[in-house]
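Q: coordinates only, no sequence provided:
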Ligand SMILES: O=C(CO)COP(=O)(O)O
């Protein structure tokens, strides 16, 4: 199973905390992690194996959207920062749209991610 991880800058610490709290599930269920670039760097530093793609504003969200469209990605954990502006907003909307098109579970905050990860 592949889970995509994306966190805006103001939410990266929460992403690392979330992963640390669910390290056992991720390990036991043999989950493959992919991420956008900078999120991936933080996740790697926390000791997780992750396939980091491009940074979000450089096309990372679009790469994850493509994985969703191609059936490679089974779940998206996208900790968005609703209080910040993002130059690549069209890519963000595309990713969320494609999750809905392909019926892929998408969590946009830690509380929802908690519910999803417990269902894995
Ligand atoms: O911008 C992002 C999501 O829209 C996240 O990208 P980074 O992980 O490269 O910061």
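A: Great, that's in hand. Given the structure is predicted, the values throughout are model-derived calculations rather than measurements. Residues are numbered from 1 along each chain as shown.
Q: report back the residue of the protein that's furthest from centre.
A: Distance to the chain centre peaks in the chain at residue 28, reaching 19.0 Å (criterion: C-alpha atoms, centre = their mean).
Q: can you pull the phi/psi pair for the closest residue to residue 88 other than its chain neighbours?
A: Spatial nearest neighbour of residue 88, chain neighbours left out: residue 57 (4.6 Å); criterion: C-beta to C-beta, 6 or more residues apart in numbering. Backbone N, C-alpha and C define where each C-beta goes, glycine included. For residue 57, the backbone dihedrals (degrees, to the nearest 10) come out as phi -60, psi -20.
Q: next one: residue 57 from residue 67, what distance?
A: Taking C-beta to C-beta, to the nearest Å as the measure, residue 57 falls 18 Å from residue 67.
Q: residues touching the residue farthest from the centre of the chain, list them.
A: Applying C-beta atoms under 8 Å, 6 or more residues apart in numbering, we find residue 28 in contact with no residue.
Q: number of nearby residues for the residue nearest to residue 88?
A: 14 (other C-beta atoms under 10 Å).
Q: same question for the one 3 residues further on.
A: Around residue 60 there are 25 other residues, counting by other C-beta under 10 Å.
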